[in-house]
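**Q** what's the 3D shape of this:
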Amino acid sequence: MMKGRGPRAPFLVSLFALALLLPISPLQAQEKEEFTDDRFQQLQEEGALILVDIWAEWCPTCAQQQEILAAFQEEHPEVDFHLLQVDFDERKDLVTRFQAPRQSTLILYRGEERLWFSVAETNRDAIFSQLLEAAER
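**A** Sure, this is the predicted structure:
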């Protein structure tokens, strides 16, 4: 055994090495919820700021949007909004309900009022500006 290391040192070194191999994406940094009708209705009744994100795991545009949203949350922690995700492939009922023409659709609500509808938007400034403007309403 090396001097200065306890019996758990090799275990901790292995654990740290494993953690470095695990992918940590901005998606994991965000607080988001799977869309449910009950949660959406509750947030609407509260007058909350809600971003409905219709996404697909395989979609590169969606991945860009997730990075932008993670950056927004990191840079603007004071903006209280709820991110409700809709899986484009699994929830066709919601895709139809929200009239999303494709994955990468973002829909912003304040309570029951729809403030913004966007498809494939990856301009950071545009997304930031919509969220900031909505937060001030």
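
**Q** quick one, strands of this structure?
**A** For the chain, the strands defined by DSSP state E occupy 33-34, 49-55, 82-87, 105-110, 113-119.

**Q** output the lowest mean pLDDT helix or strand found in this structure.
**A** Least confident helix or strand, the chain: helix 26-29 with a mean of 37, by mean pLDDT, DSSP states H and E.

**Q** where does this protein dip in pLDDT?
**A** Low-confidence segments of the chain (pLDDT under 70): 1-30.

**Q** which ones are touching the closest residue to residue 55 other than its chain neighbours?
**A** Spatial nearest neighbour of residue 55, chain neighbours left out: residue 62 (4.0 Å); criterion: CB to CB, 6 or more residues apart in numbering. All C-beta atoms are positioned from the backbone trio N, CA, C, and that covers glycine. Counting by CB atoms under 8 Å, 6 or more residues apart in numbering, residue 62 touches 53, 55-56, 103-104.

**Q** show me what contacts residue 100?
**A** Applying CB under 8 Å, 6+ apart, the residues near residue 100 are 54, 86, 88, 107, 119.
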